[in-house]
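> need the 3D shape of this:
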Amino acid sequence: MCCPITHDFMQDPVIAEDGHTYDRAAIVEWFSQHDTSPMTNQVLATKVLIPNILMRRLIQSHLAREQLMV
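As a prediction, the model looks like this:
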């Protein structure tokens, strides 16, 4: 549930061409300076990002459960 770039909970999880999920803001910033995957260092053919709806729901559910425990 944490972005592999920032190591923080993702606010807007997206899937990049490399198949990994990142927080949108972090991967957009990465792409502004790189044409590679931050995980594999392989050159990516596209910078198209796909929303990871399942991950977003998992994160929201996890955070809601944590709030109930407080």
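
> low-confidence ranges, the chain, go.
Residues of the chain meeting the criterion pLDDT under 70: 70.

> doesn't Glu66 lie inside a helix?
Yes. Secondary structure of Glu66 (DSSP: H, G, I helix; E, B strand; the rest coil): part of a helix.

> and the contacts of the helix or strand harbouring Ile27?
Using DSSP states H and E, Ile27 falls within helix 24-31. Identification of contacts with helix 24-31 by C-beta atoms under 8 Å, 6 or more residues apart in numbering yields 3, 5-6, 11-14, 16, 22, 38, 47, 49. C-beta coordinates here come from the backbone N, C-alpha and C atoms, glycine included.

> which of those residues sit farthest apart?
Across these, the longest distance by C-beta to C-beta is 19.1 Å; it joins Gln11 and Lys47.

> number of nearby residues for Glu17?
15 (other C-beta atoms under 10 Å).

> which ones are touching the nearest residue to Met10 once chain neighbours are set aside?
Residue nearest to Met10 in three dimensions, not counting chain neighbours: Asp23, with 4.1 Å by C-beta to C-beta, 6 or more residues apart in numbering. Asp23 makes contact with 3, 5-6, 8, 10-14, according to C-beta under 8 Å, 6+ apart.
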